[in-house]
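Participant: Compute the structure for the input listed below.
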Amino acid sequence: MSTATAVHSVTGKEVPAAGTWQIDGAHSSIEAVARHLVVSKVRGRFEEFSGSILVAEPVEDSVVEVEIDAASINTSQEDRDGHLRSGDFLDVDNHPTIAFRSTSVEPAGEAWKVHGDLTIRGVSKPVTLDVEFLGVTVSPMGPTIAMFSAATSIAREDWGITWNAPMETGGVLVSKTLQVELEIQAALT
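Facilitator: Numbers count the residues shown, from 1 in each chain. Have a look, this model is predicted:
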């Protein structure tokens, strides 16, 4: 498929062609960003995940599904990663996956809002991703690739992740709010 036929316009915005787009985990990223010691940011990257984007006609009927291996969290610090995998945080022994399934898609200015249910530690809560479609390209290896950038903020306590430590100067060791950032490449199948 050429890039000219891999996109079309909906309400003046380009969107990928209808079909199933498989997320390329090798060229995509899912990260959670927390404040540490009130001021610095710590990034955790999930190394293993998979998913698909079913672009429908109309595009508002599209469906996004993602499954993340919770134990694949990597902050580049082994002790912290072990703590994040423990019952204090992700509890990967009892809840090995984090999942997202969209419930609706709607235009939002130049971008899109993807509403869905995020399941962490067996608890499902609604979240909204602010999604930007970055276009398509044809990979030198052959497949047509769609690119997206998305973000949302979540309150980790909504999923029962309440561990923290108070700071002597005020505040807490780990922020209660996480910024979730996604950079996604998906191949049309």
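Participant: OK, contacts around the residue nearest to residue 19 when sequence neighbours are not counted?
Facilitator: Using Cβ to Cβ, 6 or more residues apart in numbering and skipping the chain neighbours, the partner closest in space to residue 19 is residue 188 (5.5 Å). Where C-beta positions appear, they are placed from N, C-alpha and C, glycine not excepted. Listed by Cβ atoms under 8 Å, 6 or more residues apart in numbering, the contact partners of residue 188 are 1, 6, 16, 17, 19, 20, 21, 143, 144, 145, 146.
Participant: Can you give me the buried ones in the one helix or strand residue 102 maps to?
Facilitator: Element membership for residue 102, per DSSP states H and E: strand 97-108. For strand 97-108, a neighbour-count test (16 or more other Cβ atoms under 10 Å) marks 98, 99, 100, 102, 105 as buried.
Participant: what's the closest of these to residue 115?
Facilitator: Distances from residue 115 to these, taken as Cβ to Cβ, are shortest for residue 102 (6.6 Å).
Participant: ok, residue 84 touching residue 75?
Facilitator: Yes - counting by Cβ atoms under 8 Å, residue 84 does reach residue 75; the two are 7.0 Å apart.
Participant: what's the overlap in contacts for those two?
Facilitator: Both residue 84 and residue 75 are contacted by residue 44, under the criterion Cβ under 8 Å, 6+ apart.
Participant: the more surrounded of those two?
Facilitator: Set residue 84 next to residue 75 and count neighbours by other Cβ atoms under 10 Å: residue 84 wins out with 25 against 18.
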